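# how would this look folded up:
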Amino acid sequence: MKQLRNTVIRAGFGALSLTGAHHLLRPLLAGVGAIFMLHHVRPRRDVPFQPNHHLEITPEFLRTTLAHVRDLGADIVTLDEMHRRLTERDFSRRFACFTCDDGYRDNRDHALPVMREFGAPFTVYAVSDFARGQGRLWWVALERVIAATDTIDVEIGGTATHLDTATTAAKQAAFARLHDWLRSLPGDADVNREVSALCVRYGIDEDAISRELCLSWDELKPFADDPLVTIGAHTISHGNLAKQSETSAMHELNTNRADLEAALQRPVHHLAYPYGDKNAAASREFALARSAGFNTAVTTRPGMIFAENAAHMTALPRISLNGNFQDARFLSVLTSGAATAMWNGFRRVDAA
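Model prediction:
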């Protein structure tokens with residue numbers, strides 16, 4: 001299903017790019033700015049099974065994107081400056097913000113050098129448990145389990161299930177099925193329990209993953225000292241806030257921010273919701289972020305920033321720089337607002 005969706009999206013991008021219709025729509029749909037969403041920035045991996053490939057782009061594609069944004073005449077600004085412009089209704093120039101979720105080490109090693117080439121600021125949202133080296137990046141662990149074996153036996157919904165993972169196509173299908181099942185479980189503890197059991201069964205060191213991939217507290221401090229870098233909050237454990245009680249969700253927000261402020265010795269004003277879709281961040285979570293005092297909070301809902309978003313600062317949409325669509329031809333479509341407008345039924349704000 002995901003492969004079909006990617007094919008449809010790619011075809012839509014191609015059609016808009018070929019016809020040039022998005023150029024005519026840009027004045028109506030591009031809004032006053034955009035927030036770009038990234039995760040990993042690193043060289044392309046030469047392995048056939050990469051189910052999380054959508055979460056990474058190459059430094060070269062980041063460079064191409066930055067050049068495209070500059071060619072459009074947009075200012076690349078901090079989230080603080082975006083907040084000021086929205087609050088003061090200063091829309092004399094269009095803006096773009098760049099954000100990276102989870103606090104990966106490659107944001108420092110590969111993204112920062114490219115951002116320096118353009119003098120472009122960006123925000124990295126950090127997770128307390130990832131920085132401690134104790135976090136559960138279960139989607140990475142699941143990828144490694146499937147990559148390591150030709151068959152998987154697991155109980156899904158009370159039914160013993162045997163999955164073939166001998167070929168790349170079979171591995172992709174197994175990942176999609178297991179990923180969807182895990183996201184449907186009642187809570188994060190259920191997800192972590194099931195993935196940990198798979199890791200033990202198939203010999204994957206789950207505990208080492210966050211230490212391998214994510215910036216530690218000792219690394220975050222000098223990284224945050226770079227004038228181009230802002231560190232934002234991303235909760236303690238990267239859990240789905242919508243599946244937690246209000247008390248637990250507030251604890252995730254407030255403690256993560258306190259951890260970051262203590263480690264970095266500076267205030268933290270900005271938040272990204274883990275997962276960030278409608279099943280993970282909706283009206284209750286938006287209200288909690290406001291109550292916690294964040295100036296902005298970003299979702300993974302697709303969309304451009306319009307003047308009307310100023311009334312919904314904790315429900316901001318983003319434009320995903322998706323690793324499956326690293327094609328310079330598509331950038332003009334993305335930044336025109338045409339693709340996200342169609343996705344949103346031409347609603348400017350989706351904050352419910």
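# just give the nearest non-adjacent residue to Asn254, would you?
Leaving aside its chain neighbours, Asn254 sits nearest to Ala292 (5.9 Å; criterion: Cβ to Cβ, 6 or more residues apart in numbering). In short, each C-beta sits where N, CA and C put it, glycine included.
# okay, that neighbour and Ala249: tell me how far apart.
Between Ala292 and Ala249 the distance is 9 Å, computed by Cβ to Cβ, to the nearest Å.
# ok, those two, which is more surrounded?
Ala249 (22 against 18; other Cβ atoms under 10 Å).
# from the contact counts, what lies against whichever strand or helix holds that one?
Using DSSP states H and E, Ala249 maps to helix 246-264. The contact analysis (3 or more Cβ pairs under 8 Å, 6 or more residues apart in numbering; DSSP states H and E) places helix 246-264 against helix 128-132, helix 217-224, strand 229-233, helix 283-292.
# Leu253 is nearest to which of those?
helix 283-292 (4.6 Å; Cβ to Cβ).
# from the contact counts, what lies against whatever helix or strand comes next after the helix holding Ala249?
Downstream of helix 246-264, the next assigned helix or strand under DSSP H and E is strand 270-272. Applying 3+ Cβ pairs under 8 Å, 6+ apart, one finds that strand 270-272 contacts strand 122-126, strand 229-233, strand 296-302.
# who wins for proximity to Arg347 among those?
Ranking the helices and strands packed on strand 270-272 by distance to Arg347, with Cβ to Cβ as the measure, places strand 296-302 first at 10.7 Å.
# what pairs with that closest one, parallel or antiparallel?
Using DSSP bridges, the strands paired with strand 296-302 are strand 270-272 (parallel), strand 316-320 (parallel).
# would CSV of those with mean neighbour count be doable?
Formatted as CSV, those follow (neighbours: other Cβ atoms under 10 Å):
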stretch, mean neighbour count
strand 270-272, 28
strand 316-320, 24
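# now render those strands as a markdown table, adding distance to Gly157 and mean pLDDT.
Below are these laid out as a markdown table (distance: least, Cβ to Cβ, whole Å; pLDDT from 0 to 100):
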| stretch | distance to Gly157 | mean pLDDT |
| --- | --- | --- |
| strand 270-272 | 31 | 99 |
| strand 316-320 | 30 | 97 |
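# can you list those in a markdown table and add distance to Val191?
Below are the strands paired with strand 296-302 laid out as a markdown table (distance: least, Cβ to Cβ, whole Å):
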| stretch | distance to Val191 |
| --- | --- |
| strand 270-272 | 19 |
| strand 316-320 | 22 |
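# out of these, the one nearest Pro59 is which?
strand 316-320 (17.5 Å).
# may I see the buried residues of whatever helix or strand comes next after that closest one?
Going down the chain from strand 316-320, the next helix or strand is helix 328-336, by DSSP H and E. Buried residues in helix 328-336, counted by 16 or more other Cβ atoms under 10 Å: 330-336.
# by how many degrees do helix 328-336 and strand 316-320 diverge?
Between helix 328-336 and strand 316-320, the angle comes out at 170 degrees (axes from the mean of the first three to the mean of the last three Cα atoms, to 10 degrees).
# show me what helix 328-336 is packed against.
Applying 3+ Cβ pairs under 8 Å, 6+ apart, we find helix 328-336 packed against helix 2-19, helix 21-29, helix 59-71.
# by mean pLDDT, show me the worst of those helices.
Mean pLDDT is lowest for helix 2-19 out of those, coming in at a mean of 54.
# OK, contacts around Phe122?
97-100, 111, 115, 228-230 (Cβ atoms under 8 Å, 6 or more residues apart in numbering).
# closest to Gln244 out of the helices and strands packed on helix 246-264?
helix 283-292 (9.5 Å).
# mind listing what's buried along that closest one?
285-286, 288-289, 292.
# export those as CSV, with columns for pLDDT and distance to Leu79.
Below are the buried residues of helix 283-292 laid out as CSV (pLDDT from 0 to 100; distance: Cβ to Cβ, whole Å):
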residue, pLDDT, distance to Leu79
Glu285, 98, 18
Phe286, 98, 16
Leu288, 98, 19
Ala289, 98, 13
Ala292, 98, 16
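# what sits against Val32?
By Cβ under 8 Å, 6+ apart, the residues touching Val32 are 85-86, 91, 94-95, 305-307.
# in helices only, show me these.
85-86 (DSSP state H).
# if you rank the contacts of Val32 by neighbours, which is first?
Among the contacts of Val32, Ile305 has the most neighbours (other Cβ under 10 Å), with 27 neighbours.
# how far off centre is stretch 331-345?
Relative to its chain's centre, stretch 331-345 lies at 18 Å (Cα atoms, centre = their mean, to the nearest Å).
# please apply the same query to stretch 101-119.
On the basis of Cα atoms, centre = their mean, stretch 101-119 sits 15 Å off its chain's mean C-alpha point.
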